[in-house]
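In: Below are the sequence and a predicted model for it; my questions follow.
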Amino acid sequence: MSKALVLSLAWAVCACAADRTVDPTFLRRSLDQVKPVASDLTTSTSRYKALFGAGDPDSRIVRGMARYGELSVDAGGASAVVSRPNEEQAWVVLDGSGTVMYGDEQFPVKKHDFFYVPPDVRHGVKAASALRAIVMGFRIPAGTQVIKPAKFQIANIDEIEKQVVGNHPPTTLYQLMMGDTRRKRDRLATGHVLTSLYVMEFAPGGTNSPHHHDREEETYLVLTGHGEMVAGGGVDGVEGRHPAKIGDAYFFRLNATVGFYARQKEGEEKSRILAVRSLYPFRRF
């Protein structure tokens, strides 16, 4: 082999290596920086900010979660009515009030209500007062036996007790909102790909201890307070810390380190995070 050919091959290998990219172990977004995008839910009186999944440029990174974003509806306005055949939905109303259109029925909703929408059910919202909701969708793998609830499943976060869960430190209290159909500890047992939807409330200086999940993807949204989000590996390869404030959202891939350290002081509003876990939908080797 000639020297010129060897140099040519070496250059080609280096060029390919330079072009190669590595998928991140987590994604970070902020509601005050994300711009509304076109969505099947949007109308002249409603807007959708895509944080993760559909509508986000890094949607390929998110596997089990089909979408995660904020829907805003003007007072007196309405979203479009949609139906998603291979996707279950969980909605959390952050502010405002209105009506949920669910199939052929309508139900009132208010701040801190959360509800479940199974595949194939037509749904949307009308706003009595300006309404904001987090919309989460999860892909249902082919062959999954979906158990549809006999009636509309809705509850309110403020009605759920705060408790210490498992081996997590007592500085973090959990409100267990929605889980899968096999678990009875959550207020609503409805999910198939969604395994756990909950709110964490942190005492000053509290933490939920950095950890990881080897079967589930996870998403955090800071509702109140501020602190340091643990995402991915830091200089020690274990714990990277990032300043986090209200409206910051993080998506964590499988086995990414995840956690939070609250940094509010005594007397300040406590840090609260809306969290959701969902099954990774593909076989892993």
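Out: Looks like it arrived, so ask away.
In: pLDDT weak spots in this structure?
Out: For the chain, the stretches with pLDDT under 70 are 1-20, 282-285.
In: If the spatially most central residue of it is in a bridge, with which residues?
Out: By Cα atoms, centre = their mean, the chain has its centre lying nearest to Thr219, at 4.0 Å. Beta-bridge pairing for Thr219 (DSSP bridges): Phe251, Val276.
In: ok, it - contacts?
Out: Taking Cβ atoms under 8 Å, 6 or more residues apart in numbering, we find Thr219 in contact with 52, 65, 68, 136, 249-252, 275-276. To be clear about C-beta, it is placed using only N, CA and C from the backbone, and glycine gets the same treatment.
In: Next: Ala127.
Out: If a contact means Cβ under 8 Å, 6+ apart, then Ala127 has 45, 73-78, 96-98 as its contacts.
In: Tell me the spacing between it and Val164.
Out: Distance of Ala127 to Val164, given as Cβ to Cβ, to the nearest Å: 36 Å.
In: With Pro210 instead?
Out: 17 Å.
In: Who has more neighbours out of the two?
Out: When Pro210 and Val164 are compared for neighbours, Pro210 comes out ahead with 17 against 12, by other Cβ atoms under 10 Å.
In: hang on, isn't the more buried one packed against Arg241?
Out: No. Checked against Cβ atoms under 8 Å, the pair Pro210 and Arg241 is beyond contact range at 9.2 Å.
In: Name the residues contacting each of the two.
Out: In contact with both Pro210 and Arg241: Val230, using Cβ under 8 Å, 6+ apart.
In: Now stretch 40-58: buried residues?
Out: 41-42, 46-56 (16 or more other Cβ atoms under 10 Å).
In: Out of those, name the ones that lie in strands.
Out: Residues from the buried residues of stretch 40-58 lying in strands, with DSSP state E as the criterion: 46-53.
In: Closest one of the residues you listed to Gly233?
Out: Of all these, Gly233 sits closest to Phe52, with 20.5 Å by Cβ to Cβ.
In: any idea how far the residue nearest to the centre of the chain is from Arg63?
Out: Counting by Cβ to Cβ, the gap from Thr219 to Arg63 is 12 Å.
In: next one: Asp40
Out: Noted for Asp40: a distance of 21 Å to Arg63, by Cβ to Cβ.
In: now swap in Val165 and tell me
Out: 25 Å.
In: Kindly report the same for Pro170.
Out: Here the criterion is Cβ to Cβ. By it, Pro170 lies 33 Å from Arg63.
In: ok, these two, which is more surrounded?
Out: Per other Cβ under 10 Å, whichever of Pro170 and Arg63 has more neighbours is Arg63, with 17 against 8.
In: which of the contacts of Ala127 sit farthest apart?
Out: Spanning the widest gap among the contacts of Ala127 are Thr45 and Ser97, at 15.3 Å by Cβ to Cβ.
In: Asp158 is in contact with His112, correct?
Out: Yes. Under the criterion of Cβ under 8 Å, His112 is in contact with Asp158, at a separation of 5.2 Å.
In: neighbour-wise, which of the two wins?
Out: Of the pair His112 and Asp158, His112 is the one with more neighbours under other Cβ under 10 Å, namely 18 against 10.
In: mind listing what that one touches?
Out: His112 is in contact with 92-94, 156-158, counting by Cβ under 8 Å, 6+ apart.
In: State the number of residues packed around Ile160.
Out: Counted with other Cβ under 10 Å, the neighbours of Ile160 add up to 18.
In: Could you check how far it is from Thr190?
Out: Noted for Ile160: a distance of 15 Å to Thr190, by Cβ to Cβ.
In: That's all I had, so thanks and see you.
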